[in-house]
Structure formats: C-alpha cells, structure tokens
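**Q** pasting a predicted model and its sequence here:
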Amino acid sequence: MNNGDASNMDFNPPNVGRPGEFICPVSVEESIVGTIIEGSGGAENGEFTDCGLRFVRYLLSISPSARHGFVPNLKDLGIIRRLARDFIHRCGGPAGAVQAMLEIAGSPTSP
C-alpha cells in the first residue's frame, strides 16, 4: 500500500505567533480546576493555599451571580469546571487564562 512519498511529510511543530498559544486546553482547565480546589478545599475539604484562595476570591469578585448574593457551590466538581471554562473564555483562550491565573494567584495585591 503506497500512502505517498514520506519525504513530503512535515514533522515540524506548528508555527504559532507566540509560544503560549500552543497550550492544551484540557491541561489548562485541569490546572485552573486544581487552583480553585486549592482555594476552596474542594469536595474533600482539603487544605487551602494562599494562592488558591486568592484566585477563588478573584473569581467570586467577577462572578455575576456572586454580585447578586448567590455564591457558587465550590464543593461540586461540575460547578468548579464550569467556573474554569468561563474563566478561560473570559480570558480569550487557554494561553491568556494561564497567564492571568498565575498573575492573580501569585500576586499578594490581587483582590
């Protein structure tokens, strides 16, 4: 079976404008979910971290429902995932979301 000339195949990684644009969305979502769990304790009521708590406080400050007195249930993994996806969408994609999360979680002066 002849599938074509192997010398014409391009095995180089895709050329992207910025290196951060080639980030796997699933791993970004998992990273954000993990940070939310670190800030809320998650379903298992685990240990809080300062960085995670700082990020959760930021998410609550931009949440339309929290502004009206309805705080999301951060013990439900489905709701945590929805918050992570909304944050990724709000940041314009995975690369922007990772950068924003690191700036928010790592900054002692964030809201």
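**A** Perfect, I can see it now. Note that the structure is predicted; figures quoted are calculated from it, not measured. Residues are numbered from 1 along each chain as shown.
**Q** could you list every residue that touches residue 90?
**A** Counting by CB atoms under 8 Å, 6 or more residues apart in numbering, residue 90 makes contact with 62, 97. Using the backbone N, CA and C atoms, a C-beta is placed for each residue, glycine as well.
**Q** helices along the chain, start to end?
**A** Taking DSSP state H to define them, one finds helices in the chain at 25-40, 50-62, 64-67, 77-90, 94-106.
**Q** what distance do you get for residue 104 to residue 91?
**A** 10 Å (CB to CB, to the nearest Å).
**Q** would you single out the least confident of the helices of the chain?
**A** Set side by side, the helices of the chain differ in mean pLDDT, and helix 64-67 is lowest with a mean of 84.
**Q** residue 53 against residue 37, yeah?
**A** No: using CB atoms under 8 Å, residue 53 is not in contact with residue 37; the gap is 11.2 Å.
**Q** which of those two has more residues huddled nearby?
**A** Taking other CB atoms under 10 Å, residue 53 and residue 37 do not tie; residue 37 has more neighbours (21 against 16).
**Q** so the more buried one touches residue 51, yeah?
**A** No: between residue 37 and residue 51 there is no contact under CB under 8 Å: 11.9 Å.
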